[in-house]
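A.B. asks: With the input below, show me the fold.
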Amino acid sequence: MSDIKLKAFEKMSALELIVFVLLSIGSGVMVGIGGVSSLIANATLGELGRLVGATLFSLGIFAIVTYNMNLFTGMVAEIPNLGVKNCWRLPVCFVANALGVALVAVLAYYSPVSEIVTSQSEKIVAGKLAFDDWAIRVFCSSILCGILITISVKSRRYATQKGMSATLGVIFPIIVFAFCGFDHSVANILYLFYYGEVSWRIVGYIVIAFLGNLVGGVVFPIVSKLREYSEKKKAERQIENK
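C.D. replies: Next comes the predicted model:
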C-alpha cells in the first residue's frame, strides 16, 4: 500500500515482479491473521466481540501500511497515478493477496482454533447470502469498504500535515468497516474458504466484492485529481490576468 509514483508505463524486472508478488502474498497473510483473530473475538467475547474483533482486524492493515506491502484495496486508491498499462498490477495483487489469505486459512484450519473460525465464518457468509438481493447488498457493502480503505491509506500521508496521529488515521477507518461488517474482497476469501461451498454463486460473491471495492476505493482519488486540476487551472488564470 505504499505510494505509487509511476510513469505511463514502467517495465518491471523479474526480481521486482517477484518482490511485488511476495509483498502482495504477505499482505494477504496479514489480512488473514487479522481475520482469524476477529472471528475468534466475535465468537467468544459476546456483545463486545464485534468491537474487539474489528480492532484486532485493524492490526493486519497497520502492518501492511507500516511495512509497505501491497494490498489490492489499498492499491485501488492509486489508480489515477497508475496509468492504463500498469493496471495489470491490480488483479495480480488481488490473486497474490488471496493466496496469502488462503495460506493462513489452511494453517488455522489445522490449528486449535479451527472449529471456532469455521463455525463463525459459516455464520457470516450464510447471513450474507440469505437475502434474495444478496448481490446488490454485497456490492453496496463493498463500495463502503473501499471508501474507508482509501481514507485509511491516504491518512498516512495527510494526517501528520494536520497535526494528527498517522497510526490512528490508518486504523480507525479499518475498525469502522470491520465493525460494520462491510465486504472486503480479500478478507472475504478467508470466510468463503471455511464456508466450504464451491459454486458460481461464490465466484459471483468474490467478483462483486472486488468490483465494489474498486468503485468505492477510486471515488475520492478521482475527486482529488479533479480538485488538483481545478486549482491548476485557477492558478493559470490568475497568472494570465496579471
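A.B. asks: tell me how far the lowest-mean-pLDDT helix or strand in the chain is from the chain's mean position?
C.D. replies: The weakest-scoring helix or strand in the chain, judged by mean pLDDT, DSSP states H and E, is helix 79-82 (a mean of 82). Centroid displacement of helix 79-82 relative to its chain, using Cα atoms, centre = their mean, to the nearest Å, is 17 Å.
A.B. asks: Check which helix or strand the residue lying closest to Leu51 once chain neighbours are set aside maps to.
C.D. replies: Nearest non-adjacent residue to Leu51, counting by Cβ to Cβ, 6 or more residues apart in numbering: Phe179, 6.1 Å away. To be clear about C-beta, it is placed using only N, CA and C from the backbone, and glycine gets the same treatment. Taking DSSP states H and E as the criterion, the element that holds Phe179 is helix 166-180.
A.B. asks: Ser58 too?
C.D. replies: helix 49-66.
A.B. asks: and the helix or strand just after that helix, what other elements does it pack with?
C.D. replies: Following helix 49-66 in sequence order, the next helix or strand is helix 72-75 (DSSP H and E). With contacts defined as 3 or more Cβ pairs under 8 Å, 6 or more residues apart in numbering; DSSP states H and E, helix 72-75 has these neighbours: helix 89-109, helix 134-158, helix 200-241.
A.B. asks: quick check: mean pLDDT across helix 72-75?
C.D. replies: For helix 72-75, mean pLDDT is 92.
A.B. asks: what do you get for stretch 104-117?
C.D. replies: Per-residue scores along stretch 104-117 average to 96.
A.B. asks: tell me which residues in it are buried?
C.D. replies: Val104, Ala105, Ala108, Val113, Ile116, Val117 (16 or more other Cβ atoms under 10 Å).
A.B. asks: Now do the same for the closest residue to the fourth one other than its chain neighbours: helix, strand or coil?
C.D. replies: Using Cβ to Cβ, 6+ apart and skipping the chain neighbours, the partner closest in space to Val113 is Ile40 (5.9 Å). For Ile40, the reduced secondary structure class is helix; criterion used: DSSP: H, G, I helix; E, B strand; the rest coil.
A.B. asks: Ile40 contacts Pro112, correct?
C.D. replies: No - contact criterion Cβ atoms under 8 Å: Ile40 and Pro112 do not qualify, at 10.5 Å.
A.B. asks: How about Thr44: what's its closest non-neighbour residue?
C.D. replies: Ile116 (7.1 Å).
A.B. asks: Buried residues, the host helix or strand of the one you found. List them.
C.D. replies: Applying DSSP H and E as the criterion places Ile116 in helix 114-129. By neighbour count on 16+ other Cβ under 10 Å, the buried set for helix 114-129 is Ile116, Val117, Thr118, Gln120, Ser121, Lys123, Ile124, Val125, Lys128, Leu129.
A.B. asks: other SSEs contacting it?
C.D. replies: Judged by 3+ Cβ pairs under 8 Å, 6+ apart, the packing partners of helix 114-129 are helix 14-44, helix 89-109, helix 134-158, helix 187-195, helix 200-241.
A.B. asks: That's all I had, so thanks and see you.
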